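Student: Build me a structure from this.
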Amino acid sequence: MIQAHFIGRKITSNTQEAFTLQDSSCFGEKSGEYVEYSPIEALFLVKENKMDVYSGKKSISFSSLLVKVRKEDKKIETKLSAFSDLRKKGYIVKTALKFGAEFRVYEKGVKPGEDHARWILYTASEHESSNWHDFAAKNRVAHATKKNLLIAIVDDEGDVSYYEIRWMRP
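Tutor: Presented below is the predicted three-dimensional model:
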């Protein structure tokens, strides 16, 4: 079980288990003597009983951590459903803020640094509406980053449907 600490806005661990999981499954990013986790990674690992997060000496429950993260990200439940679904299917999923997307998704068996992500992923709940301008903007980001666009639609039960959009030449 990884023991991690929530300090400020960062969730980090310096345990051997954290480094082992980072090497084997690409959870977190090595940062000197620590592994730093994105909030979505920490939520997933806590939910899967692979991590305990502490604030000082007090353990933070999954629901308390979710409340803290939701203050920064109103879509966190939708994102967590898609993230969890893809990770359980064997894909590596990393944040993609520098690309202007929610996540980068790597093909099964590909680790970040070995090759590029195949998709950039945006999530939406089944009740969200979108317009052509938003869709075109997402498509432009995918095209500019040389990745395929993946849209994850999450229903009320947390089930996820994926739609891949890619450029084709007739």
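Student: Which of the helices and strands in the protein ranks last by mean pLDDT?
Tutor: helix 132-144 (a mean of 87; mean pLDDT, DSSP states H and E).
Student: What average pLDDT does the helix or strand following that helix get?
Tutor: Remark: after helix 132-144, the chain's next helix or strand is strand 148-154, criterion DSSP states H and E. The average pLDDT for strand 148-154 rounds to 95.
Student: elements contacting strand 148-154?
Tutor: Packing contacts for strand 148-154, counted by 3 or more C-beta pairs under 8 Å, 6 or more residues apart in numbering; DSSP states H and E, involve helix 76-88, strand 119-125, helix 132-144, strand 160-165. In short, each C-beta sits where N, CA and C put it, glycine included.
Student: what does it contact?
Tutor: For strand 148-154, contacts defined as C-beta atoms under 8 Å, 6 or more residues apart in numbering pick out 78, 81-82, 85, 105, 118-126, 138-139, 141-142, 160-166.
Student: now that strand, how far from the chain's geometric center?
Tutor: How far strand 148-154 lies from its chain's middle: 13 Å, per C-alpha atoms, centre = their mean, to the nearest Å.
Student: strands paired with that strand, and their directions?
Tutor: When sheet partners are counted by DSSP bridges, strand 148-154 sits next to strand 119-125 (parallel), strand 160-165 (antiparallel).
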